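Student: Please find the sequence and the predicted model below.
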Amino acid sequence: MSHPLIAREGWLFILIALGVAIVASFTIGWMGSIACWIVFLFVLQFFRDPKRTVPSIEFAIVSPAHGKVVAIDEVEDPYLKRPARRVSVFMNVFSIHSNRAPVGGVVMKRWYYPGRFFNAALDKASTQNERNAIWIRTAQGLDVVSVQIAGLIARRILCYVDRGDPITGGERYGFIRFGSRVDVYLPMEAEIKVQLGQWVQAASDVIAILEPPRDA
């Protein structure tokens, strides 16, 4: 099955931007319409969605987002109420905003919270911004929570899975329009494989190894 180069979530925005640019070219001329064409190119690049190759590494947790790692810490998982390791990836307006499942398994639960629209690079965005979280339980019985967080100009979080749905590691499961962040909450035993400030690609780059306990 072929993979679309442009995310379906962007088709309407791209057509509108293209239409405005074409109309401007005919009404005010090429030079006067340059700004409209720049906006069209920006919208086009924002919704690009290239195919990703998921690494075949056992127990690998892949990045759910394309962007910069802005947090690696030990926190209280606000969804499963447990100590957890958190990895946060910030997506700017030039990132690819298609979100991928960090691990395969079954979606146990989904949460949605309306909220504010602070800069997603700020830590308070994790608890105060609009967000959508899914809890995935792996075949080994380990729990991973992936949280889509709206950013400063993001106004729409899209999620295509719900409770009871099977999901594959690296599978496309959502999209956030115009700047955002994804937090991943992992068991304390997870071995983190990325560093602060590192740029990662969704589905292609491993952010952690989640090997089950030896007695599992």
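Tutor: Sure thing, it's come through.

Student: any idea where the helices of the protein begin and end?
Tutor: 11-32, 34-46, 125-128 (DSSP state H).

Student: and the ones you listed, which is most packed in?
Tutor: Mean neighbour count (mean count of other Cβ atoms under 10 Å) peaks for helix 125-128 among those, with a mean of 18. For the C-beta atoms, the positions are set from N, CA and C on the backbone; glycine is no exception.

Student: gap between residue 170 and residue 14?
Tutor: Here the criterion is Cβ to Cβ, to the nearest Å. By it, residue 170 lies 25 Å from residue 14.

Student: cool, residue 101 as well?
Tutor: 26 Å.

Student: before we move on, what about residue 61?
Tutor: 32 Å.

Student: Please name the nearest non-neighbouring residue to residue 11.
Tutor: The shortest distance from residue 11 to any non-neighbouring residue, by Cβ to Cβ, 6 or more residues apart in numbering, is to residue 47 (7.9 Å).

Student: That neighbour: neighbour count?
Tutor: Neighbour count for residue 47, taken as other Cβ atoms under 10 Å: 22.

Student: contacting residues for it?
Tutor: Residues near residue 47 by Cβ atoms under 8 Å, 6 or more residues apart in numbering: 6, 7, 9, 10, 11, 13, 14, 97.

Student: So for the spatially closest residue to the first one that is not a sequence neighbour, what pLDDT did the model give?
Tutor: Read it as residue 6. Of all residues not flanking residue 6 in the chain, residue 47 sits nearest, at 5.4 Å (Cβ to Cβ, 6+ apart). pLDDT for residue 47: 80.
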